[in-house]
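1. Compute the structure for the input listed below.
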Amino acid sequence: MQGAKGTSQEIIVYTDGAASGNPGPGGYGIVMRAGSYRKEFAAGFRHTTNNRMELLGVIVALENLKIIPSSVVIYTDSKYVSDAVEKRWLFGWEQKGFSKPKNPDLWKRFLLVYRKHQVRFVWVKGHAQIPENERCDQLAVQASKQADLLIDTWYETNQES
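-> Sure thing, here's the model as predicted:
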């Protein structure tokens with residue numbers, strides 16, 4: 001996302017993930033804002049987990065940024081995602097070759113795009129009447145209920161729980 005005169009500005013991103021049954025059908029929702037620009041993204045998967053969808057929402061948001069590097073603030077209600085980065089657990093997992101954490105495929109994908117930007121996470125309480133977070137939740141749930149769901153191939157092959 002880019003400002004009207006081609007200058008970069010701070011990008012605000014809200015993300016949320018959902019899974020019915022956990023594991024079960026799931027989806028993510030994203031709202032991105034930069035100045036007066038606003039964009040929404042969502043996708044649903046037939047068999048996945050809530051944590052995978054929380055993390056995938058962040059990844060997809062970062063992958064959709066047009067200016068590299070961008071300054072990004074990500075608002076999430078996922079302690080799993082925000083704590084892993086802000087408390088630096090993720091970097092320890094990386095040093096150990098991702099031998100123990102769940103979702104190593106997504107964490108590796110996250111690091112590739114995370115390192116291209118200046119990213120800060122802000123944890124927000126879920127279902128606390130924060131309009132953009134509520135919108136992301138709606139998008140994630142709607143995406144998980146679509147008829148033509150995508151396949152979370154890594155998860156279905158490795159069946160983490």
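2. quick one: the helices in this structure?
-> Taking DSSP state H as the criterion, the chain carries its helices at 50-63, 79-86, 89-95, 104-114, 131-144, 153-158.
3. which strands and helices sit next to the third one?
-> The criterion is 3 or more Cβ pairs under 8 Å, 6 or more residues apart in numbering; DSSP states H and E, and the helices and strands that helix 89-95 contacts are helix 79-86, helix 104-114. Placement of C-beta: from N, CA and C, glycine included.
4. got those as TSV, with distance to S70 columns?
-> Shown next, in TSV, are those (distance: least, Cβ to Cβ, whole Å):
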stretch	distance to S70
helix 79-86	16
helix 104-114	11
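5. Let me see the contact set for E134.
-> Residues in contact with E134 (Cβ atoms under 8 Å, 6 or more residues apart in numbering) are H127.
6. distance of it from V31?
-> Distance, E134 to V31, by Cβ to Cβ, to the nearest Å: 10 Å.
7. Please point out which parts of stretch 118-131 sit buried.
-> For stretch 118-131, burial by neighbour count (16 or more other Cβ atoms under 10 Å) applies to 119, 121, 130.
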